[in-house]
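pasting the structure only:
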């Protein structure tokens, strides 16, 4: 599958809010909003929450990336 086709499929299936290309606004467990960003050059996600800033991992990135992965696998 080509990158453009994959991106189009992700955008079709995504149920969050796309802010700009490669950025999504997600809602945290306490109602706060965070920005998850995909860096296509380094091929990794980042988030502006405190957890990701300190540990380089957070539930927001995990939920978003796993949701994309499941939807893509289900559509292929």
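Alright, I've got the coordinates. Bear in mind the structure is a predicted one, so any value in this text is a computation, not a measurement. Numbering: from 1, shown residues only.

Tell me which residues touch the closest residue to residue 48 other than its chain neighbours, please.
Excluding its sequence neighbours, the residue lying closest to residue 48 (Cβ to Cβ, 6 or more residues apart in numbering) is residue 35, at 5.0 Å. All C-beta spots, glycine's among them, are computed from the backbone N, C-alpha and C. Contacts of residue 35 were listed using Cβ atoms under 8 Å, 6 or more residues apart in numbering, and they are 19, 23, 24, 25, 26, 47, 48.

Quickly list what residue 35 is bridged to.
Beta bridges link residue 35 to residue 25 when assigned by DSSP bridges.

And residue 40, its phi and psi?
Here is the backbone geometry of residue 40 (degrees, to the nearest 10): phi -70, psi -20.

And it, how close does it get to residue 32?
To residue 32, residue 40 is 26 Å away according to Cβ to Cβ, to the nearest Å.

One more: residue 61?
Residue 61 is 15 Å from residue 32, by Cβ to Cβ.

more crowded one of these two?
In this view residue 61 and residue 32 are compared by other Cβ atoms under 10 Å, and residue 61 has more residues nearby, 22 against 10.

how deep is the closest residue to that one other than its chain neighbours tucked in, by neighbour count?
Take residue 61 and drop its neighbours on the chain: the residue closest to it by Cβ to Cβ, 6+ apart is residue 45, 4.4 Å away. Residues near residue 45, counting by other Cβ under 10 Å, number 20.

Okay, now the unreliable bits of this structure?
Applying pLDDT under 70 to the chain flags residues 1-4, 6-8, 10-19, 75-76.

So which residue is smack in the middle of it?
With distances taken as Cα atoms, centre = their mean, residue 64 lies nearest the centre of the chain, 4.1 Å away.

Please look at that residue and residue 37 and confirm they touch.
No: using Cβ atoms under 8 Å, residue 64 is not in contact with residue 37; the gap is 10.3 Å.

Need the residues touching each of those two.
Residues touching both residue 64 and residue 37 (Cβ under 8 Å, 6+ apart): 24, 45.
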